[in-house]
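Trainee: Sequence and predicted model, in that order:
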Amino acid sequence: MTTDRSKLAFWLLMAPLLIWLVTLIILPHVGMFLVSLREKVGVREYETSFANYAVFLNEPLYWNTFARTAYMSIAATILTLLIGFPIAYYIAKLTRGRTKTTLFLMCLIPFWVSELVRTFGWMILLRETGVFSNALQYLGLAAGPVELLYNDAAIMTGLVYTSMLFMVVPLVTTLDSLDDSLIEAGYDLGASGFGILRQIVIPHAMPGIVSGCIVVFMLSLGNYLTPILLGGKDSLWFTGMIYSQFITRFNWELGSAFGFLLLGLSSLIVFVGLKLTGQSLGKTMVQT
Amino acid sequence: MITGIPQSSAFKWSYRAYVTLFFIYLALPLATVCAFAFNDSVFPSLPWEGFTWAWFFGTDAPYIGVFHERPILRSLITSGVVAFWVSLLAVFVGTCNAFLFVRHEFRGKSILYILMLLPLIIPGIILGISILVFSSTVANFLEDATGMWFDGLRPGLILVVLGQFSFITTFATLVISARLQKFDPSLEEAALNLGATHWGAVREITLPFLYPAMAAAGVVAVLMSFENFNTTLMLVGSDAPLTITMFDRLKLGSTPVLNAVSLLLIVVSALLGLASLLLQKRDD
């Protein structure tokens, strides 16, 4: 009797999970993959083939955009790490008590705000009639209005800004767990500041660095708002191509193939990153 | 905090300057958005034409404030409705998942756990298109088979709710599981010894213990739903949530009424964010 009832309870708990995962995650992705293998041969007539993937390979615009999205995302990840690391170290090791909490919160607050609002802020700052352009003219550094929007540097600024939190939080968490006496011992034994950073701090922070980098790379790769709004029409971001195949051209077959390629690249990076450092997906994600 | 290390004061000061610069960089875009909400000009840009409340309370075109701008108010309500359903569903499923993963051992548990985490690493836009493709396929099939219409499976609010729910549930599960793991099972056993039924013990002892985490998960879900853009973009129909309406306006160029909306969003999301932190703090 009791076993029957606990079995029932178990399946009642299992049902929502299975319904959620099967209908919203697994089946849609399998479906998308099948659609990406469809080739339109006539009105409502389809054949199974890799034609859509061939289109991707044969059209330089497509794979150039794909490669560009990938290396811009890598650049954004490295920049975010370089900018964020000193900040995380400062928060974790050089402040304490209330100052520490305040600084940490100040890092968090911008990321509770919609990405749209943050990007809008950068548009007002960077555009021709914007704050920076006026400031440069006022200081006499520019003769006329300067357009700082719609270029790769603007995209990069936006991407780094948008992802900063996901780098700083895991870094602060891992650096917090580094025992201060190890750093002091390093000094006492005569190591230079750089030596300590390279031999004590960075090895200890490695898990945080990896999980931060993975998340930032993923977010940059899948970002749509920042490249479109800050990069303008020629931003050439892969998510923009997926959108236009789906919504503008109504070519769902090619759009699905693009979607799968992006998903593949993103998963590959996550997988390689986790394998290289021997971490599990669960631990990495929970940290963030 | 490390104290016993000699550092040149030049290094210390440049480090501090860097940290200060960083926080200016963080605050600058948000501060700018807020400041221009009060500029008495029809463009959110310089020159500064003087202070005005018109972008909040104005009624005369082109100075129509947020509180009198119908399309924005309507999309605000749409966002609210979506956020309500998403957070309700996510907290419910998240709580079930927490009990399942914390309390039960079963075959395939680790695989299911990884599957449960997957939505975190799928880019939002791909989550959106995959659900769009799948639901349209199902709708086409059902319509061919039955001759009836299945509008709920076409782009629209139902799909937006499902799309956001599909990844927000993972966050809810993680937040609620973390709290359930800290629960002392002997409390529940005591209730059972005192004659409570199994469900009674869960309802009277375990669930109240979980309330702060469930509330925190709900707040986080509302926040994430309100600001979600990528997934929503692919699934939206004729009723647009706030972020979509704002995006369309931004592309066309708009009056500072957008700054006023953004200012309100910044205030509300900062408050909600702090609330969720406080709720989770009570866990410890």
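Mentor: Structure's in. What do you need?
Trainee: so A:Tyr46 sits in a helix?
Mentor: No - in this structure, A:Tyr46 is strand, not part of a helix, as judged by DSSP: H, G, I helix; E, B strand; the rest coil.
Trainee: and the gap between it and chain B?
Mentor: 12 Å (C-beta to the nearest C-beta, to the nearest Å). From N, CA and C alone the C-beta is placed, and that goes for glycine too.
Trainee: hang on, that residue packs against A:Val35?
Mentor: No - A:Tyr46 lies out of contact with A:Val35 (C-beta atoms under 8 Å); the separation is 9.3 Å.
Trainee: who has more neighbours, those two?
Mentor: Between A:Tyr46 and A:Val35, counting by other C-beta atoms under 10 Å in any protein chain shown, A:Val35 is the more crowded of the two (24 against 13).
Trainee: tell me which element the more buried one falls in.
Mentor: Assigning secondary structure by DSSP states H and E places A:Val35 in helix A:27-36.
Trainee: Spatially nearest residue to the residue of the stretch 51-200 of chain A found nearest chain B, not counting backbone neighbours?
Mentor: Going by C-beta to the nearest C-beta, chain B is nearest to A:Gly121 of the stretch 51-200 of chain A, at 2.6 Å. Of all residues not flanking A:Gly121 in the chain, B:Pro29 sits nearest, at 2.6 Å (C-beta to C-beta, 6 or more residues apart in numbering or on different chains).
Trainee: Distance from the one helix or strand the one you found maps to to the middle of the chain?
Mentor: Assigned by DSSP H and E, B:Pro29 belongs to helix B:9-35. Offset of helix B:9-35 from its chain centre (C-alpha atoms, centre = their mean, to the nearest Å): 27 Å.
Trainee: how about that helix: buried residues?
Mentor: Using 16 or more other C-beta atoms under 10 Å in any protein chain shown as the test for burial, helix B:9-35 gives B:Val19, B:Phe22, B:Leu26, B:Leu28, B:Pro29, B:Leu30, B:Thr32, B:Val33, B:Cys34, B:Ala35.
Trainee: With distance to B:Leu157 and pLDDT added, can I get those in TSV?
Mentor: Formatted as TSV, the buried residues of helix B:9-35 follow (distance: C-beta to C-beta, whole Å; pLDDT from 0 to 100):
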residue	distance to B:Leu157	pLDDT
B:Val19	44	90
B:Phe22	40	91
B:Leu26	34	88
B:Leu28	35	89
B:Pro29	30	89
B:Leu30	29	88
B:Thr32	33	87
B:Val33	28	85
B:Cys34	30	86
B:Ala35	34	83
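Trainee: and of the residues you listed, the nearest to chain A?
Mentor: Nearest to chain A among these: B:Pro29, at 2.6 Å, using C-beta to the nearest C-beta.
Trainee: How about the contacts made by the closest one?
Mentor: B:Pro29 makes contacts with A:Pro110, A:Arg118, A:Phe120, A:Gly121, A:Trp122, A:Ile124, A:Leu125, A:Tyr161, as judged by C-beta atoms under 8 Å, 6 or more residues apart in numbering or on different chains.
Trainee: Would you show me how to pick out the buried ones of the residues you listed in PyMOL?
Mentor: The following PyMOL line selects those of the contacts of B:Pro29 that are buried, judged by 16+ other C-beta under 10 Å:
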select buried, chain A and resi 110+118+120+121+122+124+125+161
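Trainee: No further queries at this time; thank you.
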